[in-house]
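> Here is the input, now give the coordinates:
(one chain, ligands or ions: 1)
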Amino acid sequence: MTPDLMQEGADRLAAYQLREAALHTESGGRNASLARPVIAGEVDVTHGRILYIEDVHVSFDGFKAINGLNLDIAPGELRCIIGPNGAGKTTMMDIITGKTRPDSGTVFFGSTIDLLRYSEPEIAAMGIGRKFQKPTVFEELTVFENLELALKTHKGIAASMRFKLNGEQKDRIGEVLHTIHLAGSVTRQAGLLSHGQKQWLEIGMLLAQEPKLLLLDEPVAGMTDEETVRTAELFLTLKGKHSLMVVEHDMSFIDTISEKVTVLCDGSVLAEGSLAEVQSDERVIEVYLGR
Ligand SMILES: Nc1ncnc2c1ncn2[C@@H]1O[C@H](COP(=O)(O)OP(=O)(O)OP(=O)(O)O)[C@@H](O)[C@H]1O
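Take a look at the predicted model:
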């Protein structure tokens, strides 16, 4: 992400926060009930789901990229998503994060927040973080500065102008640095990190914002074997505190981290279960794993 894009995101977030504040001051009626669910930190998971997708359809010029998709994720779950190229994995993440609007269907964050009503920055501000395949850290800044910036941006641009880290926030950055195995590289310029370390730093930038749901697209692509092992350890420590959706093609990585695996094909769920279960499913072997 470029500084311009980050600035734009922060501006839109500030506008969103102003709009939310205005909604909260209106009395009763529809607006009051709509405003209620988007208070940061409050996601109603009493029904046992942090993400709920039902019968979602998306077509691009008549081509059905997502075709009757149903999927839900429990709070604290680490779900792996696999499937052949073109199965709709990225499009599904685009829908959850507000980048693509479905033609029809339901997408809820917890049981009260209808994600289809919100924009991309609004959804990010609610606690859904997304990590794209390529690392996009600020190469000129140090590891610490990248994390600090992530915290500031999360506060919105108006707040970030006068934003100084308090003790709690410094502790939060320290905690994140430890989690992402970069505590020994605080003052290192991000551009000098290895590919794997840059990926961890970007995950750390998301963690600094304390997301409830993290969407990670091919996080170990291009990593060394050692980095892949450490990333698996990292994800296993995040599980429980956060809900994670991980799209990956690396089966040994999935084997290490997965409990439940969802196989997407032609825009809908082909199979779901443990890795061993989906690997022995004839339909999955046919379309994805090969004989
Ligand atoms: N904006 C778009 N316009 C037209 N077609 C699109 C668009 N976005 C995605 N598609 C098509 O939708 C289908 C699903 O694409 P998507 O990128 O979601 O698949 P994927 O499972 O992420 O694949 P991969 O593993 O290759 O990343 C593909 O056939 C793709 O070409």
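
> Kindly provide the whole-number mean pLDDT of the strand or helix carrying residue 202.
Assessed by DSSP states H and E, residue 202 sits inside helix 195-208. Taken as a whole, helix 195-208 has an average pLDDT of 95.

> now the angle between helix 195-208 and the helix or strand just after that helix, please.
Moving toward the C-terminus from helix 195-208, the next helix or strand (DSSP H and E) is strand 213-217. Orientation check (axes from the mean of the first three to the mean of the last three C-alpha atoms, to 10 degrees): strand 213-217 against helix 195-208 gives 160 degrees.

> one step back: now do the helix holding residue 202: distance to the chain's middle.
On the basis of C-alpha atoms, centre = their mean, to the nearest Å, helix 195-208 sits 12 Å off its chain's mean C-alpha point.

> Quick check: buried residues in stretch 62-75?
For stretch 62-75, the neighbour count (16 or more other C-beta atoms under 10 Å) marks 65-67, 69, 71, 73, 75 as buried. Any C-beta I mention is one placed from the backbone N, CA and C, and that applies to glycine too.

> near the ligand, anything from it?
Yes. Contact of stretch 62-75 with the ligand (C-beta under 6 Å from any ligand atom) involves 63, 65.

> what's the helix holding residue 202 packed up against?
strand 128-131, helix 143-155, helix 167-179, strand 213-217, helix 225-238 (3 or more C-beta pairs under 8 Å, 6 or more residues apart in numbering; DSSP states H and E).

> for the ligand, what are the nearby residues on the chain?
Counting by C-beta under 6 Å from any ligand atom, the chain sits next to the ligand at 60, 63, 65, 83, 85-91.

> Surely residue 138 touches residue 146?
Yes. Residue 138 lies in contact with residue 146 (C-beta atoms under 8 Å); the separation is 5.5 Å.

> For these two, indicate the residue with more neighbours.
residue 146 (24 against 19; other C-beta atoms under 10 Å).

> Now do the more buried one against the ligand, distance only.
Separation of residue 146 from the ligand (C-beta to the nearest ligand atom, to the nearest Å): 26 Å.

> residues in contact with that residue?
For residue 146, the contact set (C-beta atoms under 8 Å, 6 or more residues apart in numbering) comprises 137-138, 190, 201, 204-205.

> Closest one to residue 175 out of those residues, please.
residue 204 (9.9 Å; C-beta to C-beta).

> continuing past the worst-scoring helix or strand of the chain on mean pLDDT, what's the next helix or strand?
When each helix and strand of the chain is scored by mean pLDDT, DSSP states H and E, helix 29-35 comes last, with a mean of 35. Sequence order places strand 51-60 as the next helix or strand after helix 29-35, per DSSP H and E.
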